[in-house]
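Trainee: Sharing a sequence plus its predicted fold:
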Amino acid sequence: MTTNLPYTDGLNDPQKQAVLHIDGPLMVLAGAGSGKTRVITQRIVHLIHQGVAPHNILAVTFTNKAAKEMRGRVEELTRKYFPSDRAVIDSLPTVTTFHSLGVRLLREFHDTLGLRRHFTIYDRSDSQKAVKQAIEKAGYNPKEFEPRKILSIISRAKGDAITPLAFKDAANSYPEQVAAEVWERYEETLRAEHALDFDDLLAKTLFLLREYKHVRETLQARYQYIHVDEYQDTNRVQFSITELLAGEKHNICVVGDIDQNIYSWRGADIKNVLQFERHFPQATTILLEENYRSTQTIIAASNDIIKKNQNRVEKNVFTNNHEGEKITLYAGMTGYEEAEYVALTAQSLIADGADPASIAILYRTNFQSRSLEEAFLNFNVPYQLLGTKFFERKEVKDVLSYLRLALNPGSNADLTRVINTPARGIGKVTMLKVIEGNRAELNAGAAAKVKVFDGIMSDIAKTAVEKPLSDTIKFIMARTGLEASFREEGTEEAMERIENLRELVTLASRYNDIEPSEAVEQLLESAALQSDQDELKEKEEQNAVRLMTIHAAKGLEFAYVFITGLEEGLFPHERLDDGRTDQEEERRLFYVALTRAEKKVFLTYAHMRTIFGSQRVNLPSSFLNDISQKHVEAAEPKGGSVSSGYETTIYLD
C-alpha cells in the first residue's frame, strides 16, 4: 500500500485518492477552488515515483498561461522530490496545450501527411481572405455569402470532427451546400500555400491518428499516461484525439467541472463529461468538493445558483473556511450610478488596505467596460482592462474613421481603413489610384464601386452637420452596411460587435445638445485622449484593479469580485440575433463569476440603462432570486454622486 508519501502531505482524502490512482481511466470532477491543478501535478510526481518515465507522461490543457503554470509546477516538484535523479530532471513530462501538441505532432509526422515541416499556420484574418477567394472561385458573391460566416460554419464542422466530404454529403440546405463547395476550394488554397488553419492543427492531428496505425502506435507507446485539464471545455475532435492516444490501456485522467462549461458556443461538448463512463466503462470517478478559495457565504450562494441546473453531475461544494461577509447587492438608478458605485467601492477597499490587483470587476459583455472605465478614470482609481479597450475595438475604430473622413476627406489613413469595410469589392490597386488622385485611370467597374463609396461618405458628411451625434452614429452603422454585415455573420463575436456599436451610440447621446459638427469633434478628441491615457495607465499601473469579461476571468481568483449588469436580457444574456437565452449556460457563467472570489462579492445592476441611445427600464436578473436572502445585504452608498437619497430596492424571494 502506497501511503505517507511526502508529496501527498496536506491532501484531503479524495485528492489523495486521485493522486495515488495509477492505471485505468479516471475522471476527477473538481469543484471551483478545490485544488485540481495540485492534484494533476502531484499525480504526475506519483507516477514518476512509481517508475513511469517522465517522457511517457502527457498533460494537456487549454491556455498557454495554464500550461506554463502547470509545467513550472511539475518542474519544481521533480527537482524537489528527485533532486539527484538526472534521468528525471532531464526528461520532463510533456505539458502543453491541445493546439501546441497538434503542431508538435504534425511537424514530426509531416512526411506522412505530405506536409512541409515548416508549414504556414493561418490566423483568422488569413483564413477569412482565403475563404473570400474561395467564394469567388466557386462563382458566388462574397456580399451574399459573408466570408466570416462561411468560415464559422467550416470551423464548427472541423471542431465536430466532420470532414469536407461528410459535410457535403450531409448538406441539406442551400447555405450548407454553398459552404461545402467553398470549403473544397478553401482546402485547395491551403494545400497550395502549404498552410493549415487553426482548426486544422487539431483536425489534421485526429486524421493522422485515425488513418495511420504506425503513428498511432508510436504515440500510444510514447504517451502512456495522459492527463486532460478543463475536460468540460473539450470539443469532439479533442475528445477523439485523447481517446486514440489512450489506446486500449485507457490510462487517461480527465479533470473538469461540468458546472464551469461556458464555451458551448465554441463547440465545447458537455457530453464528453456526462458520457465519460460510457466511453471508458472501467472508469473511476472522484469528486473534489472541498473549496479552499472562498468563504462559506460565497460557496453557499454559488450552490444556490448551480443546483437549479438540470444538465449536470450532482455534487455539493463545501468549505471549511470561515463564514465571511455577506454578499452586497447594489441597485443603481442608472448604469452610470452603478459604475460610480463600483469605482468608489473599489477605491474604498484600496484605502482600507486591499491590494488593487486583488479586486476584479466582471461583466457579461465587452460593451459594459466603457462606462466602468470612465468611472475609474474620473475617480482616479488605478485599473487595467483585460481584453481590448473600448475605443481600440475594431468596429468602434471603423465608425470613428468614417466620422473623421467625413470631416477631413483628405485623411488617407481613414480612407484606407474604411473604403472596403465592410467589403465592397474595392481592391488595393483601385484604392491606391483613389489615394493618388488618379481616378481617371479606373475602369468602369472600379469607378462605379468608388462612386458608391463616395455617395456613402457624402451622406455621412451631410448627416454629421445636421443631425444629433447619436443619430449620426446610427446612420453610419446602417448606411455603411456595418451592422448588416455583422447580422449576416450571425456569430457570437459579431453580435458582440453590434452591442459595442450600440454602446457608442449611447456615449454619443451625451453630445446631442451640442451643435452637431462640434459634437463630432468632441467625441473624436475624447476617444483619442482616452485611448492614450488608457495605454499609459496600463504601462504604469501594474498593481491595478482588473476589468474583464466573466469568460476572461475563468481560472483566475481575486479577493474581491464585483459582478455587474445583473439585469434580465443582459445577464442572463439575450442574444441580439434571435433573442434566445441559454439559461443553463448563463447560470454556469454566473457560478464561475461567483467562485472567482475569495473574501467578498458585490452584485450590481441598474434600474435604467441607456442602450442604443435610449433609456431602458430593467428587471433585476432572475439569478438574484436564486440566492438565499440570508446571504445578501443591501449596499451602503460610498459617497460621490451615487444614489443620493435613493432607496435601494432588493428583489429577493
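Mentor: Here it is on my side, so go on.

Trainee: Tell me the residue in this protein that is farthest from the middle.
Mentor: The outermost residue of the chain, judged against the average C-alpha position, is residue 440 (47.1 Å), by C-alpha atoms, centre = their mean.

Trainee: Any chance you could spot the residue sitting in the middle of the protein?
Mentor: Nearest residue to the geometric centre of the chain (C-alpha atoms, centre = their mean): residue 551, 5.1 Å.

Trainee: host element of it?
Mentor: helix 550-553 (DSSP states H and E).

Trainee: Output that helix as PDB - backbone C-alpha positions only.
Mentor: Output of helix 550-553 as PDB, limited to C-alpha atoms (Å, rounded to 0.1, in the frame of the first residue of the first chain):
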ATOM      1  CA  ILE A 550     -16.500  36.700 -17.000                       C
ATOM      2  CA  HIS A 551     -15.200  34.400 -19.700                       C
ATOM      3  CA  ALA A 552     -11.800  36.000 -19.400                       C
ATOM      4  CA  ALA A 553     -11.800  35.500 -15.600                       C
END
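
Trainee: and it, average pLDDT?
Mentor: Averaged across helix 550-553, the pLDDT comes to 90.

Trainee: try stretch 88-97
Mentor: 86.

Trainee: what do you get for stretch 169-177?
Mentor: 89.

Trainee: Send me that stretch as PDB with only the CA atoms.
Mentor: C-alpha atoms of stretch 169-177 as PDB (Å, rounded to 0.1, in the frame of the first residue of the first chain):
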ATOM      1  CA  ASP A 169     -23.000  14.700 -48.200                       C
ATOM      2  CA  ALA A 170     -25.000  15.800 -45.200                       C
ATOM      3  CA  ALA A 171     -25.700  19.400 -46.500                       C
ATOM      4  CA  ASN A 172     -29.500  19.700 -46.700                       C
ATOM      5  CA  SER A 173     -29.900  23.500 -47.200                       C
ATOM      6  CA  TYR A 174     -28.600  25.900 -49.900                       C
ATOM      7  CA  PRO A 175     -26.300  27.800 -47.500                       C
ATOM      8  CA  GLU A 176     -24.800  24.500 -46.300                       C
ATOM      9  CA  GLN A 177     -24.300  23.400 -49.900                       C
END
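
Trainee: List the buried residues for it?
Mentor: Using 16 or more other C-beta atoms under 10 Å as the test for burial, stretch 169-177 gives residue 171. C-beta: built from backbone N, CA, C; applies to glycine.

Trainee: same thing with stretch 129-145?
Mentor: Residues of stretch 129-145 classed as buried: 130, 131, 132, 133, 134, 135, 138, 142, 145 (neighbour count, 16+ other C-beta under 10 Å).

Trainee: what helices or strands is the helix or strand where the fifth one lies leaning on?
Mentor: Yep, that's residue 134 we're talking about. Assigned by DSSP H and E, residue 134 belongs to helix 124-137. The contact analysis (3 or more C-beta pairs under 8 Å, 6 or more residues apart in numbering; DSSP states H and E) places helix 124-137 against helix 147-159, helix 174-192, strand 195-197.

Trainee: List the neighbouring strands of the shortest one plus their orientation.
Mentor: To tie it back to what came earlier, the one meant is strand 195-197. Strand 195-197 has its sheet partners listed here by DSSP bridges as strand 120-122 (parallel).

Trainee: Which positions in the partner strand come out as buried?
Mentor: Neighbour count says strand 120-122 has residue 122 buried, by 16+ other C-beta under 10 Å.

Trainee: who touches the nearest residue to residue 55 once chain neighbours are set aside in this structure?
Mentor: Spatial nearest neighbour of residue 55, excluding adjacent residues (C-beta to C-beta, 6 or more residues apart in numbering): residue 91 at 4.8 Å. The contact partners of residue 91, taken as C-beta atoms under 8 Å, 6 or more residues apart in numbering, are 53, 54, 55.

Trainee: Which single one of these is nearest to residue 604?
Mentor: Checking these against residue 604 by C-beta to C-beta gives residue 54 as the nearest, at 48.2 Å.

Trainee: mind listing what the closest one touches?
Mentor: So residue 54 contacts 48, 78, 88, 91, 92, 93 (C-beta under 8 Å, 6+ apart).

Trainee: Can you give me the distance of it to residue 21?
Mentor: 18 Å (C-beta to C-beta, to the nearest Å).

Trainee: Report the rounded mean pLDDT for the helix holding residue 134.
Mentor: 86.

Trainee: what inclination does that helix have with respect to helix 174-192?
Mentor: Here the directions of helix 124-137 and helix 174-192 differ by 110 degrees (axes from the mean of the first three to the mean of the last three C-alpha atoms, to 10 degrees).
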